[in-house]
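K.L.:
Here is a sequence with its predicted model. Questions after.
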Amino acid sequence: MSRLAILPGSVVNGQQATLGVMGGGQLGRMFVHAAQAMGYFTVVLDPDVTSPAGRVSHDHIQTEYLDEQGLAQLMQRCAAITTEFENVPAPALMTLGAARPVAPSAEAVGIAQDRVKEKAHFVRCGVPCAPYAVIETAAQLVAVPDDLLPGILKTARLGYDGKGQVRVTTCAELVAGWDELKNVTCVLEKMLPLKAECSVIVARGWDGVGVNLPVQLNLHREGILAVTEAFEGNMPPALAEQAVAAAQAIAEELHYVGVLCVEFFVLQEGSPAAQALGNLIVNEMAPRPHNSGHYSLDACDLSQFDLQVRTLAGLPLVQPRQHSPAIMLNLLGDLWRDNQPPPWNQVLALPGAHLHLYGKLKANKGRKMGHLTLTGATVAEVRATALAAAKILGIEAF
Ligand code: ADP
Ligand code: MG
């Protein structure tokens, strides 16, 4: 597939080169920052007046995602359009895609937003995933093989940050769990013995050129990403290479254009599951930049958002280089005591501390308010400053 690049600062269809994004969350905000730094004009479509991206974009179309007039305006103003969340309605992307380059495509987003299609895609790519069963009917529920228990029942659609999931040990819990999830289509996944979790950000252009960020090691707490460690030696090199190759294959097989994050489980060596499946298991993918890739803003010469801009605009992709070891701490609303922000003056006194706040006014528990990346000359230094930052913020040590 070939298409013309949308060059920064050029005039396209009689207008200054403008990039659009569906969704106004923090990922959209950081996309807007990256696009504007390169000289693009930006338009965000999001119904929320106070959306983090809408507040920093040149233009903000405040309509629902399927609103015909909103979509028409977005198409009229933008030379190309991307998305910042996977639950953007696929029909909206199809409408946009008929008139403008849209990356990632409605088809790729449609696969990533449905765990049933997503898992089938992993199987098609020959990348091992957790043994699973699709549950659409009560008959399928009772026919579930015993060896999928204990397992995790996950809604096929709209799950995130551990929401839309129930852990089940017995058949009775499985039945109760499916009721709890309102009997929507689910997948039941076998519970695997995890040693660690990691992810890979890949970017692929219209011309099929692919690049990647180094593999990130991720620590989740209560189903939400808490800490990402990105430096050489965070994982055994052979496993890291395997993860990158698997992520590239998953993107390639989708003819993906844009930034894709693929999340993996590293299994406990020698466990029966690892013997049956291998040590590296794919978990899920996100058709967009990802929380675990935020360190790239401060630790790499190209961030995941720069890659999103380049893939969308059809600009050259070059392999990013990480220039500093990095640890990222997520800043959840829990850290705001009595709605008061944490002591940033103490945090910013640490060398290599990079604070990113998303402009959200209300600090609810579990809400992603921002992130803090620590960079330094050595892994030991970064670890020491990250632990010091965690202590100041009241984040449990890792
Ligand atoms: P979400 O969309 O909420 O991120 P995930 O499928 O990634 O959902 O699950 C959230 C977390 O639950 C994972 O990061 C992992 O820690 C744990 N988990 C999910 N599936 C399994 C599994 N099959 N075995 C063990 N742990 C799992
Ligand atoms: Mg996940």
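P.N.:
Thanks, I have the structure now. Ligands and ions are numbered 1, 2, ... in the order given.
K.L.:
helices and strands around the longest helix anywhere in the chain, which ones?
P.N.:
In the chain, with assignment by DSSP state H, the single longest helix is helix 237-253. Applying 3 or more CB pairs under 8 Å, 6 or more residues apart in numbering; DSSP states H and E, we find helix 237-253 packed against helix 115-125, strand 194-204, strand 210-212, strand 258-267, strand 280-286. No exception for glycine: its C-beta is placed from N, CA and C like everyone else's.
K.L.:
Determine which of the ones you listed approaches residue 81 most closely.
P.N.:
Residue 81 lies closest to strand 258-267 among those, at 10.9 Å (CB to CB).
K.L.:
which outside residues touch the longest helix of the chain?
P.N.:
For helix 237-253, the external contacting residues (CB atoms under 8 Å, 6 or more residues apart in numbering) are 121-122, 124-127, 198, 200, 202, 204, 208, 210, 212, 214-215, 234-235, 256, 260, 262, 264, 266, 279-280, 282, 285.
K.L.:
Could you list the low-confidence segments of the stretch 51-200 of the chain?
P.N.:
By pLDDT under 70, the stretch 51-200 of the chain has no low-scoring segment.
K.L.:
Can you pull the domain assignment for the chain?
P.N.:
If you go by automatic domain parsing, the domain ranges for the chain are 11-102, 131-190, 194-393.
K.L.:
among the ones you listed, which is nearest residue 109?
P.N.:
Using CB to CB, the domains of the chain put domain 194-393 closest to residue 109, at 4.9 Å.
K.L.:
Return the residues of the stretch 151-300 of the chain in contact with ligand 1.
P.N.:
Within the stretch 151-300 of the chain, the positions lying close to ligand 1 (CB under 6 Å from any ligand atom) are 152, 154, 159-162, 189, 191-192, 194, 197, 220, 223, 263, 283-284.
K.L.:
again, only this time at 8 Å
P.N.:
151-152, 154, 159-165, 189-194, 197, 218, 220, 223, 263, 265, 281, 283-284 (CB under 8 Å from any ligand atom).
K.L.:
how far away is the residue in the stretch 201-350 of the chain positioned nearest to ligand 1 from residue 20?
P.N.:
For the stretch 201-350 of the chain and ligand 1, the shortest gap (CB to the nearest ligand atom) falls at residue 220, measuring 4.7 Å. Applying CB to CB, to the nearest Å, the value for residue 220 to residue 20 is 32 Å.
K.L.:
Next: residue 231.
P.N.:
35 Å.
K.L.:
more neighbours, the two?
P.N.:
Set residue 231 next to residue 20 and count neighbours by other CB atoms under 10 Å: residue 20 wins out with 28 against 22.
K.L.:
tell me the contacts of that one?
P.N.:
Residue 20 makes contacts with 42, 43, 44, 45, 74, 77, 78, 80, 81, 82, 100, as judged by CB under 8 Å, 6+ apart.
K.L.:
from these, which is closest to residue 301?
P.N.:
residue 82 (21.4 Å).
K.L.:
Now do the longest helix of the chain against strand 194-204: the angle between them, please.
P.N.:
40 degrees (axes from the mean of the first three to the mean of the last three CA atoms, to 10 degrees).
K.L.:
In CSV, list the C-alpha atoms belonging to helix 237-253.
P.N.:
Extracted C-alpha coordinates of helix 237-253, given in CSV (Å, rounded to 0.1, in the frame of the first residue of the first chain):
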residue,chain,number,x,y,z
PRO,A,237,17.8,-11.3,26.4
ALA,A,238,16.5,-14.4,24.6
LEU,A,239,13.0,-13.9,26.1
ALA,A,240,13.1,-10.2,25.2
GLU,A,241,14.0,-11.1,21.6
GLN,A,242,11.2,-13.7,21.5
ALA,A,243,8.7,-11.0,22.7
VAL,A,244,9.7,-8.5,20.0
ALA,A,245,9.5,-11.1,17.3
ALA,A,246,6.1,-12.2,18.5
ALA,A,247,4.8,-8.6,18.6
GLN,A,248,6.1,-7.9,15.1
ALA,A,249,4.4,-11.1,13.8
ILE,A,250,1.1,-10.0,15.4
ALA,A,251,1.3,-6.6,13.8
GLU,A,252,2.5,-8.0,10.4
GLU,A,253,-0.3,-10.5,10.2
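K.L.:
buried residues in that helix?
P.N.:
For helix 237-253, a neighbour-count test (16 or more other CB atoms under 10 Å) marks 239, 240, 242, 243, 244, 246, 247, 248, 249, 250, 251 as buried.
K.L.:
Report the angle between it and strand 258-267.
P.N.:
Using the same axes, to 10 degrees: helix 237-253 against strand 258-267 is 140 degrees.
K.L.:
for helix 237-253, what is the average pLDDT?
P.N.:
What helix 237-253 shows for mean pLDDT is 97.
K.L.:
tilt between that helix and strand 280-286?
P.N.:
40 degrees.
K.L.:
how far off helix 115-125 does helix 237-253 point, in degrees?
P.N.:
110 degrees.
K.L.:
returning to that earlier point: I'd like the contacts of residue 20 laid out as JSON lines, including neighbour count, secondary structure and distance to ligand 1.
P.N.:
Converted to JSON lines, the contacts of residue 20 look like this (neighbours: other CB atoms under 10 Å; DSSP: H, G, I helix; E, B strand; the rest coil; distance: CB to the nearest ligand atom, whole Å):
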{"residue": "42", "neighbour count": "24", "secondary structure": "strand", "distance to ligand 1": "28"}
{"residue": "43", "neighbour count": "21", "secondary structure": "strand", "distance to ligand 1": "28"}
{"residue": "44", "neighbour count": "29", "secondary structure": "strand", "distance to ligand 1": "24"}
{"residue": "45", "neighbour count": "32", "secondary structure": "strand", "distance to ligand 1": "24"}
{"residue": "74", "neighbour count": "26", "secondary structure": "helix", "distance to ligand 1": "27"}
{"residue": "77", "neighbour count": "21", "secondary structure": "helix", "distance to ligand 1": "32"}
{"residue": "78", "neighbour count": "30", "secondary structure": "coil", "distance to ligand 1": "29"}
{"residue": "80", "neighbour count": "23", "secondary structure": "strand", "distance to ligand 1": "28"}
{"residue": "81", "neighbour count": "26", "secondary structure": "strand", "distance to ligand 1": "24"}
{"residue": "82", "neighbour count": "32", "secondary structure": "strand", "distance to ligand 1": "21"}
{"residue": "100", "neighbour count": "17", "secondary structure": "coil", "distance to ligand 1": "29"}
